[in-house]
Every structure is written in structure tokens, then in C-alpha cells.
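S.K.: Build me a model from this:
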Amino acid sequence: MSGKSAGLTAWQLLFEYSPIILVGGVTDLFPGFMVPIIALTEALNFPLGILGGGAGPSLDRMFAKYQVLHGTTLLAQETAKYPFANSTVAANAVVKQPTEVSVLMICPAQTHFSMYSKLAIMEAFTSILDRHNLAGGTYTIATPSQIFTNCVFRTMIDVSSGDTKQVQHAWQLVFEKPLLTLSDAEQVLNGFASQIERGVQLVNPAYSGLGSAVSTSGAAVAPGVIPSAVPATSVAFGPTGIGV
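M.R.: Presented below is the predicted three-dimensional model:
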């Protein structure tokens, strides 16, 4: 790590060499119930002080390096597919969706010895991830734009290219941040949709629908679907009939 500032080394450790943290699940026996992914792939070097700033091996010799892939979602919401009366209604008729983050794990064999040790490391790595997932563990993924918490593991896919002669040297890890908390569930529907769900009467002419005023003698109905529309006549429903 010589020749690099402490700040650069810390940045590389967080975003390039250990951006994934296991939470809960198989980490219940560890302090804080969290384990960085570098502790799984660097089991031999981890106790030597890599994360503590000790004189561990160079970062360039790490088993795996990680990179956030394009397509990572920061915000996602679903819109209705039916026509809207105006833009206000369209902007409010949305439902919040889970977000997704994909991380590329680059782990080529760097030496003749690592060609043989890679199989053992990868088998142990995937076995721990599988046990962690089955135990209900979650993940925290650090990216330069956002820290994703409470993520669940979805898939690990071989995305190795033909740039090198090595096979299975790049893996895509896909995580999803679902709507887990009660506050998230309450915010799935925004203000307008929540009012409809609760049966609240909407009297603001900016929204679609028929506005009505109820009196003791009957109901007077005025068209209110288009906010700017002015009816040419009004129709009153009385006890004896219809008057124009």
C-alpha cells in the first residue's frame, strides 16, 4: 500500500475491494452482526490487518475487485396505464417499486498457485452466501452514489468476456432492495392514491372525478371532470322531477 494516501486506500477498500457487507444471517456470531465480503475472499490476509491499516498485502494482489454495473436503480416507481384527466393526476397516480443494484466481481487467477486455490475460495465463498441467504441474512452495498441497505440476494451470473484466456473470471451479483419497513409500505402509494384508498372525498377541481355537493333537499351535480370546463346549463334533481 506504499505510495498511496490513507484516504485513497480507504476509498478503494470501501468501493472497490469490499463494497458488500453481510448483515444478520450467518454473521450472528460476529461483533455487530456484520461481516465485510473481503473477510470471505481474503480469509488468510484478513487477520493480518488489511482493514486496520496494517502492513498487509498490496490491494493489487487481492483475490477479487468489485465494480458497480450500469443499470443500478436509485429510484423506481410504476405509473398507471390508463388515460389521465390532467398532468396533476398523472403525476400522483404512481406506485413505489423496489430498487436494484448489480455489482461485478472480477477475480482472475493472478499466479500459478492461485489457479489451484481459486476453486477452493470460490466454493467456500458461494457456500457461505448460500447459507447466509437461507438464514434470512441481508446485505449492505456501498456505491459512490448511494449506500443500499436491507438488500436481498437475487442471483450470481458468470459474465466473463473473451478479453482474457481465463474462464469464469467475472461474476455479476444482483441485489434487490425491497419495500421492507412499515414506513416504506405506507409510502408505496403517494398522497393522491392514498386518499382514494382511504375513501376520502376529493373536492379539489385539479383532480379528476365528479364533484358533488349534498343538501337536505337533494343533490346538485356539476360536471367537474375537466377543471376548466364551465357547464352551459345546470341540472337539479328535486323531489318532483328534473329542472333545467
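S.K.: Under the pLDDT cut-off, which ranges of the chain? List them.
M.R.: 1-4, 44-58, 111-113, 180-244 (pLDDT under 70).
S.K.: mind checking the longest strand of it?
M.R.: If you go by DSSP state E, the chain has its longest strand at strand 147-158.
S.K.: what lines up beside that one in the sheet?
M.R.: strand 138-142 (antiparallel), strand 170-177 (antiparallel) (DSSP bridges).
S.K.: Pull out the buried residues from that strand.
M.R.: By neighbour count on 16 or more other CB atoms under 10 Å, the buried set for strand 147-158 is F148, C151, F153, M156. (Each C-beta comes from the backbone N, C-alpha and C, glycine too.)
S.K.: Can you lay out the residues you listed as CSV showing distance to K96?
M.R.: As requested, the buried residues of strand 147-158 are exported to CSV (distance: CB to CB, whole Å):
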residue, distance to K96
F148, 15
C151, 16
F153, 22
M156, 27
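S.K.: Which secondary structure element is home to the residue nearest to W171 when sequence neighbours are not counted?
M.R.: Once flanking residues are discounted, W171 sits nearest to M105: 4.4 Å by CB to CB, 6 or more residues apart in numbering. Assigned by DSSP states H and E, M105 falls within strand 99-106.
S.K.: what's the angle from the lengthiest helix in the chain to strand 99-106?
M.R.: Counting by DSSP state H, the longest helix found in the chain is helix 112-134. Helix 112-134 runs at 160 degrees relative to strand 99-106, counting by axes from the mean of the first three to the mean of the last three CA atoms, to 10 degrees.
S.K.: packing partners for helix 112-134?
M.R.: Packing partners of helix 112-134 (3 or more CB pairs under 8 Å, 6 or more residues apart in numbering; DSSP states H and E): helix 38-41, strand 147-158.
S.K.: I'd guess T88 is in a helix, am I close?
M.R.: Yes. Under DSSP: H, G, I helix; E, B strand; the rest coil, T88 falls within a helix.
S.K.: That one: neighbouring residues, count only.
M.R.: Neighbourhood size, T88 [other CB atoms under 10 Å]: 15.
S.K.: List the pairing partners of the strand holding M105 within its sheet, with orientation.
M.R.: When DSSP bridges is applied, strand 99-106 pairs with strand 65-68 (antiparallel), strand 170-177 (antiparallel).
S.K.: Output the ones you listed in TSV; the columns should cover distance to G137 and mean neighbour count.
M.R.: Converted to TSV, those look like this (distance: least, CB to CB, whole Å; neighbours: other CB atoms under 10 Å):
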stretch	distance to G137	mean neighbour count
strand 65-68	18	18
strand 170-177	12	19
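S.K.: Make TSV out of these and add distance to E123.
M.R.: Below are the strands paired with strand 99-106 laid out as TSV (distance: least, CB to CB, whole Å):
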stretch	distance to E123
strand 65-68	19
strand 170-177	13
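S.K.: Go through these and name the closest to T138.
M.R.: Nearest to T138 among the strands paired with strand 99-106 is strand 170-177 (9.1 Å), distances taken as CB to CB.
S.K.: which stretch among the strands paired with strand 99-106 comes nearest K118?
M.R.: Closest among the strands paired with strand 99-106, using CB to CB: strand 170-177, at 12.0 Å.
S.K.: hmm, back to that, can you tell which of the strands paired with strand 99-106 is closest to G25?
M.R.: Judging those by CB to CB, what sits closest to G25 is strand 170-177, at 13.7 Å.
S.K.: picking that back up, extract the CA atoms of the strand holding M105 and return them as PDB.
M.R.: Taking C-alpha atoms only, strand 99-106 is exported to PDB below (Å, rounded to 0.1, in the frame of the first residue of the first chain):
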ATOM      1  CA  THR A  99     -34.700  -0.800  -6.400                       C
ATOM      2  CA  GLU A 100     -31.900  -3.000  -7.700                       C
ATOM      3  CA  VAL A 101     -28.100  -2.800  -7.600                       C
ATOM      4  CA  SER A 102     -25.700  -5.000  -9.700                       C
ATOM      5  CA  VAL A 103     -22.000  -5.500  -8.700                       C
ATOM      6  CA  LEU A 104     -19.300  -7.000 -11.000                       C
ATOM      7  CA  MET A 105     -16.900  -9.300  -9.100                       C
ATOM      8  CA  ILE A 106     -13.600  -9.600 -11.000                       C
END
